[in-house]
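K.L.:
model the structure of this input:
(chains A, B and C)
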Amino acid sequence: MAVTDGTGTESAKTSARRPNRLFKNLTAKTASIPMIFTALVVFIGCTGWTIYHSFTKSRLLPAPDKWVGLDQYERLWSTRRWLVSIENLAIYGICSLILSLVIGFTLAALLDRKIRGEGIFRTIFLYPFALSFIVTGLVWQWVLNPQFGIQSVVQRWGWESFTFDPLNNADIVIYGILIAGIWQGSGFIMVIMLAGLRGIDEDIWKATRVEGIPTWKTYIVVIIPMMRPVFVTALVLIAAGIIKVYDLVVAQTSGGPGIASEVPAKYVIEKMFQSQNLGQGFAASTMMLVSVLVVLIPWAYLEFGGKRRD
Amino acid sequence: MTDVTTNTRTTPRGTKPRRRMSPSNIMLYGTLFVASVYYLLPLYVMIVTSLKGMPEIRLGNVFSPPVEVTFEPWVKAWAEACTGINCDGLSRGFWNSVQILVPSVALSIAIASVNGYALSLWKFKGSEVFFTILIFGAFIPYQVMIYPMVILLREAGEGLSFITGTRIRLMGSVWGLVIVHTIFGMPILTLLFRNYFASVPEELFKAARVDGAGFWGIYFRIMLPMALPIFVVAMILQVTGIWNDFLFGVIFTKPDTYPMTVQLNNIVNSVQGVKEYNVNMAATLLTGLVPLIIYFASGKLFVRGIAAGAVKG
Amino acid sequence: MNLMKATTAGIAFCAAGAVSAAELEVTHWWTSGGEAAAVAEFAKALDATGHTWVDGAIAGSGGTARPIIISRIIGGDPMHATQLNHGRQAEELIEAGLLLDITAVAEAGGWKDIINPSSLLDSCTVDGKIYCAPVNIHSWQWIWLSHKAYEDAGVPVPSNWDEYVASAGALEAAGKIPLAMGQQAWQSSGAFGVINVAVGGVELWNKINVQKDAEAAGGPEMAKVFEAAAAARAMAANSNVQDWNQATNLVITGQAGGQIMGDWAQGEFQVAEQVAGEDYTCLPGLGVNEVISTGGDAFYFPKQDDADIEAAQKELAALLVSPEVQVSFNLKKGSLPVRGDIDLSSANDCMKKGLEILAAGNILLSGDQVLSADTSGQIEDLMVEFWNDASYSAADAQAKYAEIIGDAD
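P.N.:
Numbers count the residues shown, from 1 in each chain, chains lettered A, B, ... in the order given. As a prediction, this is how the structure comes out:
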């Protein structure tokens, strides 16, 4: 490929300042066509399509000409099941975020203490990530089953008043799902954290040791702030998983008992396909997208907007 | 290959333990051991259950080892379990899954790696905007995208047919499914590759430019050989995701080419009076075998790759 | 064009052997033991004509299968035939011109005269044209009682709902679950519908479901129905299975006294080799109001652009309604045949009861036929919560129910 001076020569570091012309960097732009297409047509296009149809009375098939304004949203917010779903997602989301980060970081830090059998422990913590949510839900449903699982085993050991039956108790069922969700995903977060810890310069440890700062304090005061990009990556991955949680609930509880473990994604999907009310499903998914945007836009602004960090 | 970009340690750090049995060591191993129990318990339950007969399952608890080991459930899950009127178990879908997996993984990684490369080293006006949109896309539940995707693929197929003059259908063909996997794998993979290539020393890139290498020249001759660890990570993530996918597999293919997960769903969800937990568990393990083997085999590479890619912002 | 099609179809009927053999992909969600055995009858019959049945079973009820079916149809790559509950589900697909018009097949087969009740064919008809082949009649209004459970409890098998409720104490004392209930939403909602007809009567049911009378839904007669449902809820408190056939299994094995479930439960008793009247008893309309609803399954044929395949699709449509296939299929499935002109002497006690009620014309429209999927979905959401939350009072549930009926379209 011929490269003449001035075409396609800028790297990221210089491009910001030079005036942009369409044909500059042409190869890079051509190579990015699939990405641009995906971003604009699929993600923006389909999202726009979804939002538009949330204002219509679409039933089984999309009906762009049956405009009903905000009706779908009014109904959505007066539906008990949707409110329960939102509440569950909030509980599940916050707990899952905190627990994944804490467990992931703690395990990574422990593995990083020059221990024996690191490879074995790492594999043990990571393997659930290879299994789908459907499988995860089924196995934990089985383990938490009151007649066969943990409860009956502990009772058989002699502690007869022991009850641990989260999946049949409406008040705590969401935590039963949380146990399974953390099991599946925290290993991957652990690996990311471990990778981040390995990227930290040995000299920093030496310096803190000289200063006499205790290990736990070093982690909190020095190491964690240094690992900001790692936490950001982990956060994106966890959050994307939380908002999409669906299969796990379907496999583990089907939203039960009653509607106690319903989540928004399940509401969206069931309204779209079971109740054949696309408009209602689209309205609910639009609300989910809005909540994602509220979190994501400030983050994207800090991350990419304003200043260039490198 | 070479390891120039990553100054990642593969050895652990920290103070060398002075004595094996110091209290802090006991704490450390104790914690790891307890955590291991939590992570291993379900796998243990799956294996043990899959080796029991149904009468034993009904009597015993889930944790007791099988009194009488039977491989019957495994045989049944692989070759005999029924889906509708076809009673040949998971074996039906295994090769279909492989045929879907290989092109999907290859194409999605090829495109995402070029994206990441362009986004980090050949930025152009608006590239960050597209990237932000991609990341946003990672948060959209797949099911919401089904209908618009179906319509998009139908139109794309018709467009292609019109241009080429031959009849091309993207819906219902493996290629349609490959495109869908490429699109939905793009956000996370692009993020990984972008972060990885951003950590390449600038001098290396500049030197290549001075030598007169262009976009593709640098990509193929310099970046690709250096990027092995991150390719491993991308591959592991994609193999897992695509192998475990049920929804797209069943919508964008036909019964003849249904992936293994469709049979798994049918075995697990069609209850023949009593839930055959042992067959369900065996089927689950069989389906998970491919990703599991990859994880067990590539544990160290995975961490190295992640260290190289995900963590540099 | 239409004439052409009709002619092609005509030729197809006359010379089935001469039509080139086609592979027909058929989607359905019949995967439980009895269901799969019934589908196999269809496949056998089709394969015998020289065509090939390519089975596209997708487990997990209509909710899993429907998005797959609809996406395939609107994506321009449809299967050749698909199960859908008839009623209001397919209307939009027909309006969009995506489904094959099989009026010619129906006329050639004289469906107008033989399909009984005629409401089944009406559900397939849009603007005078027929788009689906009904294959069976399913009714919800049954309770299945386990003889073993009652023997163990030492009380006689009840013959109606009131006796059944009265026997609950004895069952519980013997360690049995009086009422087996799966916890899925459609089961909660279905069982409620059955109690509604049995306790409230047909007239009230029609007023609410057909005329969408919100006042009746909130009225004192309906309050009795909700009280009865609350009583049933207490009887089912210890039943914690998910799937309907797991609940049926509790009845089969005598762990539970009874289950309110549609006639498809019959297939499970059959697979377990139990005999009606000896091992179990079935009471239509809960033994109070002997009526049955006449919903059912139907097959639709998405449009293809291949004349050979279209001919084969029409052949399949005719086959599904043919007398031999109707008998063999429905015996396995435990449902009633859609034609009134065939002999079901091999039917068991329960099916015969159903046939008698059908012949006497004591029928209701099914929920699918009168309520939109959306309204049914809202009722399901309400019912699953009501059945699973003992603190949800009957009065509160009724108020919400009346509201849903008031908004129904």
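
K.L.:
quick one: the strands in the stretch 51-200 of chain C?
P.N.:
Counting by DSSP state E, counting those that start in this stretch, the stretch 51-200 of chain C has strands at residues C:52-57, C:81-85, C:125-126, C:129-130, C:132-134, C:142-146, C:177-180.

K.L.:
contacts for stretch C:148-165, please.
P.N.:
Stretch C:148-165 is contacted from outside by C:143, C:145, C:147, C:166-167, C:170-171, C:173-174, C:176, C:195, C:198-199, C:228, C:231-232, C:235, C:251, C:253-258, C:279, C:281, C:283, C:286-288, using Cβ atoms under 8 Å, 6 or more residues apart in numbering or on different chains. Every residue, glycine included, has its C-beta placed from N, CA and C.

K.L.:
from these, which land in helices?
P.N.:
C:His147, C:Ala166, C:Ser167, C:Ala170, C:Leu171, C:Ala173, C:Ile195, C:Ala228, C:Ala231, C:Ala232, C:Met235, C:Val251 (DSSP state H).

K.L.:
help me confirm that the last one comes into contact with C:Ser146.
P.N.:
Right, C:Val251. Yes: contact between C:Val251 and C:Ser146 holds when scored by Cβ atoms under 8 Å: they sit 4.5 Å apart.

K.L.:
what sits against C:Ile405?
P.N.:
Here C:Ile405 is in contact with C:Ile208, C:Lys212, C:Asp213, C:Ala214, C:Ala217, C:Thr375 (Cβ under 8 Å, 6+ apart).

K.L.:
looking at chain B, which helix is longest?
P.N.:
helix B:91-121.

K.L.:
SS state for C:Ser345?
P.N.:
Reduced to three states with DSSP: H, G, I helix; E, B strand; the rest coil, the structure at C:Ser345 is coil.

K.L.:
residues contacting it?
P.N.:
Per Cβ under 8 Å, 6+ apart, neighbours of C:Ser345: none.

K.L.:
circling back: filter the ones in helices among the contacts of stretch C:148-165 down to the buried ones.
P.N.:
C:His147, C:Ser167, C:Ala170, C:Leu171, C:Ile195, C:Ala228, C:Ala232, C:Met235, C:Val251 (16 or more other Cβ atoms under 10 Å in any protein chain shown).

K.L.:
looking at the residues you listed, which is nearest chain A?
P.N.:
C:Ala232 (15.4 Å; Cβ to the nearest Cβ).

K.L.:
wait, does the strand or helix carrying B:Leu189 contact chain C?
P.N.:
For B:Leu189, the host element (DSSP states H and E) is helix B:174-198. No: residues of helix B:174-198 are not located near chain C by Cβ under 8 Å from any Cβ of the partner chain, the shortest gap being 8.5 Å.

K.L.:
for chain A, what's its nearest residue on the stretch 101-250 of chain C.
P.N.:
Closest point on the stretch 101-250 of chain C to chain A, by Cβ to the nearest Cβ, is C:Gln183, at 5.0 Å.

K.L.:
just to revisit the earlier point, got the strands of the stretch 51-200 of chain C as JSON lines, with mean neighbour count columns?
P.N.:
Below are the strands of the stretch 51-200 of chain C laid out as JSON lines (neighbours: other Cβ atoms under 10 Å in any protein chain shown):
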{"stretch": "strand C:52-57", "mean neighbour count": "21"}
{"stretch": "strand C:81-85", "mean neighbour count": "24"}
{"stretch": "strand C:125-126", "mean neighbour count": "16"}
{"stretch": "strand C:129-130", "mean neighbour count": "18"}
{"stretch": "strand C:132-134", "mean neighbour count": "27"}
{"stretch": "strand C:142-146", "mean neighbour count": "26"}
{"stretch": "strand C:177-180", "mean neighbour count": "26"}
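
K.L.:
in a markdown table, list those along with distance to A:Gln280 and mean pLDDT.
P.N.:
Formatted as a markdown table, the strands of the stretch 51-200 of chain C follow (distance: least, Cβ to Cβ, whole Å; pLDDT from 0 to 100):
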| stretch | distance to A:Gln280 | mean pLDDT |
| --- | --- | --- |
| strand C:52-57 | 28 | 90 |
| strand C:81-85 | 20 | 85 |
| strand C:125-126 | 24 | 88 |
| strand C:129-130 | 30 | 92 |
| strand C:132-134 | 26 | 92 |
| strand C:142-146 | 32 | 94 |
| strand C:177-180 | 33 | 94 |
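
K.L.:
relative to B:Leu101, which of these is closest?
P.N.:
Each of the strands of the stretch 51-200 of chain C has some distance to B:Leu101 by Cβ to Cβ; the shortest is strand C:52-57, at 21.4 Å.

K.L.:
angle of the closest one against strand C:81-85?
P.N.:
40 degrees (axes from the mean of the first three to the mean of the last three Cα atoms, to 10 degrees).

K.L.:
by contact count, what packs against strand C:52-57?
P.N.:
Using 3 or more Cβ pairs under 8 Å, 6 or more residues apart in numbering or on different chains; DSSP states H and E, the elements in contact with strand C:52-57 are strand C:23-28, helix C:33-48.

K.L.:
partner strands of that strand and their direction?
P.N.:
strand C:23-28 (parallel) (DSSP bridges).

K.L.:
list the buried residues of the partner strand.
P.N.:
C:Leu24, C:Glu25, C:Val26, C:Thr27, C:His28.

K.L.:
adding pLDDT, write these out as a markdown table.
P.N.:
A markdown table is the format used below for these (pLDDT from 0 to 100):
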| residue | pLDDT |
| --- | --- |
| C:Leu24 | 92 |
| C:Glu25 | 92 |
| C:Val26 | 93 |
| C:Thr27 | 90 |
| C:His28 | 89 |
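
K.L.:
and stretch B:127-142, how far out from the chain's middle?
P.N.:
19 Å (Cα atoms, centre = their mean, to the nearest Å).

K.L.:
any idea how far the residue of the stretch 51-200 of chain A found nearest chain C lies from A:Tyr246?
P.N.:
Nearest to chain C in the stretch 51-200 of chain A, going by Cβ to the nearest Cβ, is A:Leu60, at a distance of 4.3 Å. Using Cβ to Cβ, to the nearest Å, A:Leu60 is found at 21 Å from A:Tyr246.

K.L.:
which one of these two is surrounded by more residues?
P.N.:
Ranked by neighbour count (other Cβ atoms under 10 Å in any protein chain shown), A:Leu60 and A:Tyr246 place A:Leu60 first, with 25 against 21.

K.L.:
measure the residue of the stretch 51-200 of chain B found nearest chain C to C:Ala272 for me?
P.N.:
Residue nearest to chain C within the stretch 51-200 of chain B (Cβ to the nearest Cβ): B:Gly84, separated by 2.5 Å. Taking Cβ to Cβ as the measure, B:Gly84 falls 20 Å from C:Ala272.

K.L.:
on that earlier part again, how close does the residue of the stretch 101-250 of chain C closest to chain A sit to A:Lys244?
P.N.:
Counting by Cβ to Cβ - C:Gln183 and A:Lys244 are separated by 24 Å.

K.L.:
picking up where we left off before, could you dump the strands of the stretch 51-200 of chain C to JSON lines with distance to B:Phe184?
P.N.:
As requested, those are exported to JSON lines (distance: least, Cβ to Cβ, whole Å):
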{"stretch": "strand C:52-57", "distance to B:Phe184": "24"}
{"stretch": "strand C:81-85", "distance to B:Phe184": "26"}
{"stretch": "strand C:125-126", "distance to B:Phe184": "37"}
{"stretch": "strand C:129-130", "distance to B:Phe184": "40"}
{"stretch": "strand C:132-134", "distance to B:Phe184": "35"}
{"stretch": "strand C:142-146", "distance to B:Phe184": "45"}
{"stretch": "strand C:177-180", "distance to B:Phe184": "41"}
